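In: take a look and give me a structure for this.
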Amino acid sequence: MIYQTVDLYEYFGKKNMGKGGRLIVYSPDNSYEINADRVRPAILIAPGGGYRNVSFREGEPVALQFLARGFVVFVLSYDVYPFAYPYSPLVEGGMAMKYIRAEGSRYGADTGKVCAAGFSAGGHLVSFLATAFDDEIFRDFFGERRADGIRPDAVILAYPVISHSLPTKSLTLSRLCGNDCVNPEKFSTELRVTENSSPAFIWATFDDEAVNPLNALKMAEAYCEKGVRCSVVIYPHGQHGLSVADDSVYRTDKPYKTSENVRLWIDDACSFMKLSGIAIKD
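Out: Okay, here's the model as predicted:
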C-alpha cells in the first residue's frame, strides 16, 4: 500500500501561515493478479472538530473503511481557528481537490471520479466545495481558473454543519469567520445550492446533541428545490461524532450511544456513489 503525506502549500507554491494543508494518501498496490493498471475512484475525507481541531477518529478509521471498499483515499489535515476566512480550511479543501485531480493518477486514482466526505465541521467544508466551488475565495487564491477541479463529483455529508440559522454548541461557523465580521449567510451552504452542485448523500442522527439534524434536512430540501440528486437519512439514535460507529473509534472504558443501523451509512453512501457513477463496479 502507498502511504504518503503531501504538503499542499508546497505543491502550489504558496506560503503556509499555519500547520495544516496536508493530505495523507492511502492507496492499495496493484499486481498482475488483479490488473497492474487498475484505477480506482478517489475520495477526499475532511474530518470534523468544530473548526477548533481535526478529529483523528473521522480521519484514518474512515479512510480504512473506504480503502477496503476499493477507493484511493486522501485525508485532509486543515488549519483551524485562529486561522480563518479568507485563508481558511475552505481554501485548503480546494487545494486538496485540485491536487487529486492533477496528481491522483500517480496513486492509481481515476481523476474523473473524485468524491468527498466530510464530518460535522468537515461536512460544512465539503458542502462548500460542493456548492460554492466558484466562490471568490478560490478566485483570489488560485486566479481566474478558480472552479477548475474543485467541485467533487459527489459528496457525503455526515452530521454536517450547514446553516448559520441553526447554531451549534461548538460555534463552528463563528470560528470559520474569525474576526472579519463576514456575513455568516455566506457560509450557510443550503443557500449556495444550485443546479450545478455535487450530488449528495446526507446523514445525521435524530438525537445528535451538538449539531441539529435539521441541518441535514435543510440541505436536502435545498437540493430537492434545485433538482439535484440527493439522499438523506436520519438514523433514529446516535450521539454526535459517530464516525464509523463501531468500537474501533471509541475508548474501551467509555460507552457510546448509537443504534446498530447507523453502521450501515458507509454501505448506503457507497450505493449512492454507484448511482452517481463514481464508485467501483461490482
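
In: next, count neighbours for residue 56.
Out: Neighbourhood size, residue 56 [other C-beta atoms under 10 Å]: 14. For glycine as for every other residue, the C-beta is placed from the backbone atoms N, C-alpha and C.

In: for residue 57, same thing?
Out: 18.

In: how about residue 2?
Out: 12.

In: in stretch 123-140, what's buried?
Out: 123-133, 135, 137-138 (16 or more other C-beta atoms under 10 Å).

In: now do the end-to-end distance for that stretch.
Out: The straight-line separation of the ends of stretch 123-140 (C-alpha to C-alpha, to the nearest Å) is 23 Å.

In: so for that stretch, mean pLDDT?
Out: For stretch 123-140, mean pLDDT is 93.

In: what does stretch 19-26 give?
Out: 94.

In: show residues contacting that stretch.
Out: 1-9, 54, 59-60, 63-64, 67, 72-80, 83, 89, 92, 95-96, 99, 107 (C-beta atoms under 8 Å, 6 or more residues apart in numbering).

In: out of the buried residues of stretch 123-140, the closest to residue 176 would be?
Out: Nearest to residue 176 among the buried residues of stretch 123-140 is residue 124, at 7.6 Å by C-beta to C-beta.

In: measure that closest one to residue 85 for me?
Out: When C-beta to C-beta, to the nearest Å is the yardstick, residue 124 and residue 85 sit 12 Å from each other.

In: joint contacts of the two?
Out: In contact with both residue 124 and residue 85: residue 176, using C-beta under 8 Å, 6+ apart.

In: wait, a helix at residue 123?
Out: Yes - the assignment for residue 123 by DSSP: H, G, I helix; E, B strand; the rest coil puts it in a helix.

In: if I read this right, it contacts residue 158, doesn't it?
Out: Yes - in this structure, residue 123 is within contact of residue 158 by C-beta atoms under 8 Å, at 5.6 Å.

In: buried stuff in the longest helix belonging to the chain?
Out: In the chain, taking DSSP state H as the definition, the longest helix is helix 89-103. Across helix 89-103, burial judged by 16+ other C-beta under 10 Å covers 89-101.

In: so which of the residues you listed comes closest to residue 39?
Out: residue 100 (12.9 Å).

In: any idea how far the closest one lies from residue 149?
Out: Taken as C-beta to C-beta, the span from residue 100 to residue 149 is 8 Å.

In: got it, and residue 9?
Out: 17 Å.

In: go on, residue 223?
Out: Going from residue 223 to residue 149 by C-beta to C-beta gives 22 Å.

In: tell me the bridge partners for the closest residue to residue 238 other than its chain neighbours.
Out: What sits nearest to residue 238 in space, not counting adjacent residues and going by C-beta to C-beta, 6 or more residues apart in numbering, is residue 205, at 3.5 Å. Beta bridges link residue 205 to residue 235 when assigned by DSSP bridges.

In: which residue ranges form the helices in the chain?
Out: Going by DSSP H, the chain shows helices at 8-12, 60-68, 89-103, 121-131, 136-142, 172-177, 214-226, 265-275.

In: is the closest residue to residue 107 other than its chain neighbours bridged to anything, and to what?
Out: Using C-beta to C-beta, 6+ apart and skipping residues adjacent in sequence, the residue nearest residue 107 is residue 27, 4.0 Å away. Following DSSP bridges, residue 27 is listed with bridge partners residue 2.

In: you'd agree residue 27 is up against residue 108?
Out: Yes - counting by C-beta under 8 Å, residue 27 touches residue 108, with 5.6 Å between them.

In: when those two are compared, which one has more neighbours?
Out: Comparing residue 27 with residue 108 by other C-beta under 10 Å, the one with more neighbours is residue 27, at 21 against 18.

In: correct me, but residue 256 touches residue 239?
Out: Yes - the criterion here is C-beta under 8 Å, and residue 256 meets it with residue 239 at 6.2 Å.

In: the residue nearest to residue 238 contacts residue 242, correct?
Out: Yes - taking C-beta under 8 Å as the definition, residue 205 is a contact partner of residue 242 at 7.0 Å.

In: now the common contact residues for those two.
Out: With C-beta under 8 Å, 6+ apart as the test, residue 205 and residue 242 both reach 159, 258, 262.
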